[in-house]
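> can't give you the sequence, but here's the structure:
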């Protein structure tokens, strides 16, 4: 993180719910001085109040970066603060879903460095993945600063075009909910096969978490990891023949699921 510039000029956080709090916790743990952070939030949590940051105070005139972490429906309330900080030298980093770079340029002017990012909820435990894209004013230095901030809650990837944000939303933005539902379904299926409810849920949670960790750490591809577990004519193969059915199994279902979320993301962005 470019601590010097941020510590000197300040960082403004508009909105400090779960995502904002997770990021702030990461920044403070990495050594960002609490006195260099200004938070605007109508309902600051007890945790936030205990961090030593400026809360709902007068904002610095020329902060290094403004991170917009309010929900889209609360954007109207944040507009006065946004416009007051739009001086052309401050970088704006938005994790607000469905609000385009063009919308921010209309508010702040097209000479303002604006970076749009799409994190996901595992960021709350430092296991998120965030995709980001900047406008023409966001040079490598500003993108590096944004990436350093976002990396406090997980991995960061850079997109080639803002239009990819909708697909990112469909895969990783909404994706945790798909996995949570898979855990529900696995647990319910285990219960249907005679396991106690709590045991079935514990098995399902640990299996999904463990498989995810293995997929992240292993050098093999997920396809190879699947093959490693699958003995010929064994139990796993019997299950996979159902799950991998190209007509009725997981492949068409996931395509339809991600497609529906992506289309909804486009609709919301277009108003």
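Great, that's in hand. Fair warning: this is a prediction, and the values are worked out from it, not measured in the lab.
> now tell me which helix or strand of the protein has the poorest mean pLDDT.
Lowest by mean pLDDT, DSSP states H and E among the helices and strands of the chain is helix 75-85, with a mean of 81.
> for stretch 56-64, buried residues please.
59, 60, 63, 64 (16 or more other C-beta atoms under 10 Å). Glycine gets a C-beta too; all of them are placed from N, C-alpha and C.
> and for stretch 75-94?
75, 78, 81, 82, 85, 86, 90, 91, 92, 93, 94.
> residue 87 against residue 63, yeah?
No - at 9.3 Å, residue 87 does not count as touching residue 63 under the criterion of C-beta atoms under 8 Å.
> now stretch 98-108: mean pLDDT?
Mean per-residue pLDDT for stretch 98-108: 90.
> and it, which residues are buried?
Buried residues in stretch 98-108, counted by 16+ other C-beta under 10 Å: 98, 99, 101, 103, 104, 105, 107, 108.
> for the spatially closest residue to residue 237 that is not a sequence neighbour, the count of nearby residues, please.
Using C-beta to C-beta, 6 or more residues apart in numbering and skipping the chain neighbours, the partner closest in space to residue 237 is residue 230 (5.3 Å). Residue 230: 15 surrounding residues under other C-beta atoms under 10 Å.
> residue 171: neighbouring residues, count only.
Residue 171: 19 neighbours (other C-beta under 10 Å).
> residue 256 too?
By other C-beta under 10 Å, neighbour count at residue 256 equals 10.
> residues in contact with the most centrally placed residue in the chain?
With distances taken as C-alpha atoms, centre = their mean, the residue of the chain nearest its centroid is residue 119 (1.3 Å). Shown in contact with residue 119 (C-beta atoms under 8 Å, 6 or more residues apart in numbering): 19, 95, 128, 129, 130, 150, 153, 154, 173.
> average pLDDT for the longest strand along the chain?
Of all segments of type strand in the chain, defined using DSSP state E, the longest is strand 128-134. For strand 128-134, the mean per-residue pLDDT is 97.
> hmm, who's touching that strand?
22, 93, 95, 101, 113-123, 142-143, 146-147, 150, 153-162, 164-165, 168, 172.
> likewise for stretch 39-55?
Outside stretch 39-55, the residues within contact range by C-beta under 8 Å, 6+ apart are 12-17, 20-21, 24, 28, 34-35, 37-38, 56, 59, 77-78, 81.
> so of those, which ones are in strands?
Among the contacts of stretch 39-55, the members falling in strands are 12, 13, 14, 37, 38 (criterion: DSSP E).
> what score does the fourth one have for pLDDT?
Looking at residue 37, its pLDDT stands at 96.
> also the first one?
Confidence per residue is given as pLDDT, and for residue 12 that number is 95.
> how near is it to residue 93?
10 Å (C-beta to C-beta, to the nearest Å).
> quick one: the helices in the protein?
Counting by DSSP state H, the segments of the chain that form helices are 3-9, 18-29, 46-49, 75-85, 101-108, 140-150, 165-168, 175-192, 197-217, 222-229, 235-243, 250-269.
> return the most buried member of these.
Highest mean neighbour count among the helices of the chain (mean count of other C-beta atoms under 10 Å): helix 165-168, with a mean of 22.
> domains for this structure, by residue range?
Taking automatic domain parsing as the domain assignment, the ranges for the chain are 3-166, 173-269.
> rank these by pLDDT, which is bottom?
Minimum mean pLDDT among the domains of the chain: domain 3-166, a mean of 91.
> thinking again about what came up before, which one of the buried residues of stretch 98-108 is nearest residue 217?
residue 98 (33.3 Å; C-beta to C-beta).
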